[in-house]
Structures are given as structure tokens and as C-alpha cells.
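Undergrad: here is a sequence with its predicted model. Questions after.
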Amino acid sequence: MTHPPQRTAHLPLWLKSVGAAALLVCCLTGCETEPGDDFDVAYTSFLNKCSQCHGPDALGRSSDTAKGLDMSSAATARTSLTDNTVSGLTGNSAGCNGVPFVVPGKPEQSLFIAVLDADARTKFDLPSHPNCDNDAISDMTLKVNAEPSADTLAALKRWVTSLQP
Ligand code: HEC
């Protein structure tokens, strides 16, 4: 009995290795839907509205607008949310100064989620910043005059959950 020749037999070894590496990366990151896609979809459908005020050139920006957040594009939104803490808050909101926009892996401790979700605001509890509570956290859906859909909110929570501490 004869076996058909293996089809990959003639490929140079380096090419096989590149193929195997690509496949591995694909499996590890889940090529079909990456959590990063959740963020981009949410940006296109909803978060782009935040750029009216949060960004270096935002027309709606004023002296009391929270600093540290650049919502001008999906890319700047993503990096400023994951890398920065909020500052420049006054009055009632001042208790949230220094709070990270996102706590990786923890949507329930992420200010970014709390400004979009009344339920998350009520339960918000960040031991390092006890004064950042329901009274201090502003409802940003009022500023954009729109609520995120349940799907969008779920996608953003999924994105925060997927981030590595
Ligand atoms: C009309 C301008 C405007 C828009 C649009 C806007 N914001 Fe804000 N944002 C502000 C101001 C002003 C503050 C400071 C707190 C306050 O005045 O309520 C703030 C505060 C924040 C804070 C800190 C909240 C706190 O109270 O600790 C976050 C996070 C935030 N905004 C995210 C967003 C997101 C996400 C969107 C889009 C859904 C958005 N903002 C849309 C003006 C805006």
C-alpha cells in the first residue's frame, strides 16, 4: 500500500514555521471576534459622540471638562481609556480625580462604564477612592443625549473584562 506524498513536503522549513506561528497567534487571539473589535464597533455606533467634548480640539470642551480622555478616534479613545486617570474634575465630581478610566478586567470598577450605566454607578465601589460614588459620577448619556444600546454596553463591558491587568 502506498501513501500519497504529503503536500507540504516540498515547502521549505522556514515557510512551514511561519505558517505555524501565524496559526498559533490566530488561535491565541481568537481570529474571529477579538475583544478589540467590540470596542471599534461601539466607537462607530456610539462612542464617537463623546468626541464633541473629550479631545484636544473638541469644540464642546470647557474648563470643567474632565481631562485625560481623548475620544477623537477609536485609537486615541482606546489608549487614553486604558492608560490615563481622570483629572480636572470640580465640585461634586472632584472625588473621582485620580481614578483610572478603566480597571483592566473589572468593568464594575471602571469609571468609563459607570458614566454610561446607571446600575454600574449605583454599585461603583473603588476602595482607593471612596468619594467616587454615585453622587460624584456624572451621567454622560445626558451629555450626548443618547443611551448606548444593551448590546453596546455589553460589548464595552466585555472589552474591559478582556484587558490584562
Ligand atoms: C457636552 C460635552 C460632553 C460630552 C459630549 C461628553 N462629556 Fe464626558 N465630561 C464632560 C464634562 C464637562 C465632565 C466633567 C464632569 C461634569 O461636569 O459632569 C465630563 C466627565 C467625564 C468623565 C469623568 C466622570 C466623573 O464624573 O468622574 C468621564 C469618564 C467621561 N466624561 C466620559 C465621557 C464619555 C464616555 C462620553 C460619551 C458617551 C462623554 N464623556 C461625553 C463633558 C462631556
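TA: Structure received. Quantities reported herein were computed from a predicted structural model and do not represent experimental measurements. Residues are numbered from 1 along each chain as shown.
Undergrad: contacts and neighbour counts: CA atoms only from here.
TA: Noted.
Undergrad: which stretches of this structure form helices?
TA: 13-29, 35-45, 74-83, 111-114, 118-123, 140-144, 150-162 (DSSP state H).
Undergrad: need the winner for burial among those.
TA: For the helices of the chain, average neighbour numbers computed from mean count of other Cα atoms under 10 Å are highest in helix 111-114, which has a mean of 24.
Undergrad: against which helices or strands is it packed?
TA: helix 118-123, helix 150-162 (3 or more Cα pairs under 8 Å, 6 or more residues apart in numbering; DSSP states H and E).
Undergrad: recalculate using a threshold of 10 Å.
TA: Counting contacts by 3 or more Cα pairs under 10 Å, 6 or more residues apart in numbering; DSSP states H and E, helix 111-114 is packed against helix 74-83, helix 118-123, helix 150-162.
Undergrad: does any bit of the longest one sit next to the ligand?
TA: No. Against the ligand, helix 150-162 shows no contacts by Cα under 6 Å from any ligand atom, the least distance being 10.7 Å.
Undergrad: now that helix against helix 74-83, angle please.
TA: 50 degrees (axes from the mean of the first three to the mean of the last three Cα atoms, to 10 degrees).
Undergrad: kindly export helix 150-162 (C-alpha atoms) in CSV.
TA: C-alpha atoms of helix 150-162 as CSV (Å, rounded to 0.1, in the frame of the first residue of the first chain):
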residue,chain,number,x,y,z
ALA,A,150,-27.8,47.0,25.6
ASP,A,151,-25.5,45.3,23.0
THR,A,152,-23.1,48.2,23.0
LEU,A,153,-22.9,48.3,26.8
ALA,A,154,-22.4,44.6,26.9
ALA,A,155,-19.7,44.8,24.3
LEU,A,156,-17.8,47.5,26.2
LYS,A,157,-18.0,45.5,29.5
ARG,A,158,-16.6,42.5,27.5
TRP,A,159,-13.8,44.7,26.2
VAL,A,160,-12.9,45.8,29.8
THR,A,161,-13.1,42.2,31.0
SER,A,162,-10.7,41.1,28.3
